[in-house]
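Chemist: fold the following for me, if possible:
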Amino acid sequence: MASGTEKRRRGDTITVRVTPDERALIDDLSMQKGLSVGAFMRAAALGDPGVRARRRIPVDAKLLRRLLGEVGRAGNNLNQIARQLNADGEADAAALRAALAAHEGMRRAIIRALEVPDH
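Modeler: Sure, this is the predicted structure:
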């Protein structure tokens, strides 16, 4: 019985030179389609990504950049809470609630960015 590598039929490579802007556009378009770059290029050239095309989760880059900012703010808030706990052993209940709310907001944003049904 042949192994997975021996069964693989795609052995040839085509090299195409592109500008950095063209590469970024190809990467973005393939991500929007949920395909690897190779599968996206096969689909563009041949009309079909192939039976073994790897599907990727489409990513909303704008939402992820916003989420990265939220992660930074929540981390800063948690550092301030930890500093207060270390200094006097007490924490501001409102600050803890706000940090938990920020965490929940980030969780929901990640779910939206990954297009995963909310639980």
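Chemist: mind listing the strands for this protein?
Modeler: For the chain, applying DSSP state E gives no strands.
Chemist: tell me which residues in the longest helix belonging to the chain are buried?
Modeler: Longest helix of the chain, by residue count under DSSP state H: helix 61-88. For helix 61-88, a neighbour-count test (16 or more other Cβ atoms under 10 Å) marks L67, A74, N77, I81 as buried. Using the backbone N, CA and C atoms, a C-beta is placed for each residue, glycine as well.
Chemist: OK, contacts around the second one?
Modeler: The neighbours of A74, taking Cβ atoms under 8 Å, 6 or more residues apart in numbering as the test, are A99, A102, H103, M106.
Chemist: measure the closest residue to the third one other than its chain neighbours to I110 for me?
Modeler: What that stands for is H103. Nearest residue to H103, sequence neighbours excluded (Cβ to Cβ, 6 or more residues apart in numbering): A74, at 6.2 Å. The spacing between A74 and I110, counted by Cβ to Cβ, to the nearest Å, is 13 Å.
Chemist: and L63, by the same measure?
Modeler: In terms of Cβ to Cβ, L63 sits 9 Å off from I110.
Chemist: please apply the same query to G72.
Modeler: 15 Å.
Chemist: one more: L100?
Modeler: 16 Å.
Chemist: how about the nearest residue to M106, chain neighbours excluded?
Modeler: E70 (5.3 Å).
Chemist: next: G105.
Modeler: Nearest non-adjacent residue to G105 (Cβ to Cβ, 6+ apart): E70, at 6.4 Å.
Chemist: ok, that neighbour - contacts?
Modeler: A102, G105, M106, A109.
Chemist: okay, the closest residue to the first one other than its chain neighbours: pLDDT?
Modeler: Closest residue to A102 apart from its sequence neighbours, by Cβ to Cβ, 6+ apart: A74 at 4.1 Å. What the model reports as pLDDT for A74 is 83.
Chemist: and E22, by the same measure?
Modeler: Taking E22 on its own, its pLDDT is 94.
Chemist: for it, what are its contacts?
Modeler: Counting by Cβ under 8 Å, 6+ apart, E22 has no contacts.
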